[in-house]
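Chemist: Below are the sequence and a predicted model for it; my questions follow.
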Amino acid sequence: MKTRALQAGSALAALALWEAVARVGLTDPLFVPTPSAVAGALPRILGVALPQLGETLAKTLVAYALSVCLGVGLGLVIGSARYLHDVLSPFLIAAYGLPKILILPWIILLFGTGVSPAILYGTLHGAFPVLLLVIGGVRDVDPALLTVARAFGARPWHLYRRVILPAIVPATLAGMRLGIVFCLLGVLIVEMFAGVRGMGYQLGALANGFQAPELFAATLLVSTVSIAIVFALDALNDRLSRWR
């Protein structure tokens, strides 16, 4: 309870400081509005922003599902096969380090400006954190646990179900928390730069129109949803920790 009170107090103090700094003219209201102006703009944009946010979230969830399936599936295979891991690891690290924005023009050139490039780019963004963390989790499984399980006659399926999968839950959940944020980022980028309908397009339009209060309010909506999803994944982590 005390921690929650301190967190709430810190947030309110930051908002109060922001309001004071903006009101005394230390910031340009054209670019940095007051929190009260942002709060006033929020009801004005809800009618337009909520449908756009829904479209963005729908694309993000599809991209996220693909990212988790690809990341966990390939991570288990690559992490379990030592030779395959040694061969592919440098390429995976190089691909992860490559700025994904360089690939966006090619994706738009090949797939146009519809829903497909947003989902594909979001999947590309979200799959790598999940994949690399799952591979690391599999590689870090205690070999003694596998040896004991095999000594008791465990088949490969039982090894995965009883030893490997429970052991990689923290790494997988960490990858999933990063993955959802990266998927949302990828979808928003495509919507902003490819003119695809969604919240990213709405944010770009507000920025180009110098509608700072509305832009901050729309950003607050996206941030709130993203934080809520991460908290939900944290709750899932707590539940799965009991399964381990």
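Modeler: The structure has been received and is ready for your questions.
Chemist: Grab the nearest non-local neighbour of Val62.
Modeler: Take Val62 and drop its neighbours on the chain: the residue closest to it by CB to CB, 6 or more residues apart in numbering is Ile119, 5.2 Å away. Every residue, glycine included, has its C-beta placed from N, CA and C.
Chemist: quick one, what contacts that neighbour?
Modeler: Contact partners of Ile119, counting by CB atoms under 8 Å, 6 or more residues apart in numbering, are Lys59, Val62, Ala63, Leu66, Val187.
Chemist: top helix in this structure by residue count?
Modeler: When every helix of the chain is counted residue by residue (DSSP state H), the longest turns out to be helix 35-80.
Chemist: roughly how far out does that one sit from the chain middle?
Modeler: The gap between the average C-alpha position of helix 35-80 and the chain average comes to 8 Å, counting by CA atoms, centre = their mean, to the nearest Å.
Chemist: re earlier: is the residue nearest to Val62 inside a helix or a strand, and which specific one?
Modeler: Secondary structure from DSSP states H and E places Ile119 in helix 115-139.
Chemist: Now do that helix against helix 35-80, angle only.
Modeler: Angle of helix 115-139 versus helix 35-80, following axes from the mean of the first three to the mean of the last three CA atoms, to 10 degrees, is 60 degrees.
Chemist: Find the centremost residue of the protein, please.
Modeler: Nearest to the mean C-alpha position of the chain, counting by CA atoms, centre = their mean, stands Val181 at 1.3 Å.
Chemist: Report the residue spans of the protein with pLDDT below the cut-off.
Modeler: Counting by pLDDT under 70, the chain shows low-confidence ranges at 1, 145-150, 152-154, 156, 158, 161, 195, 240-244.
Chemist: Near the closest residue to Pro129 other than its chain neighbours, how many other residues are there?
Modeler: Using CB to CB, 6+ apart and skipping residues adjacent in sequence, the residue nearest Pro129 is Leu178, 3.9 Å away. A count of neighbours around Leu178, defined by other CB atoms under 10 Å, yields 20.
Chemist: pretty sure Leu178 contacts Leu131?
Modeler: No - using CB atoms under 8 Å, Leu178 is not in contact with Leu131, being 10.9 Å away.
Chemist: What's the separation between Ile180 and Asp238?
Modeler: 17 Å (CB to CB, to the nearest Å).
Chemist: Between those two, which has more neighbouring residues?
Modeler: Ile180 (25 against 9).
Chemist: just checking, the more buried one touches Gly126?
Modeler: Yes - with the criterion set as CB under 8 Å, Ile180 and Gly126 qualify as a contacting pair; they are 7.0 Å apart.
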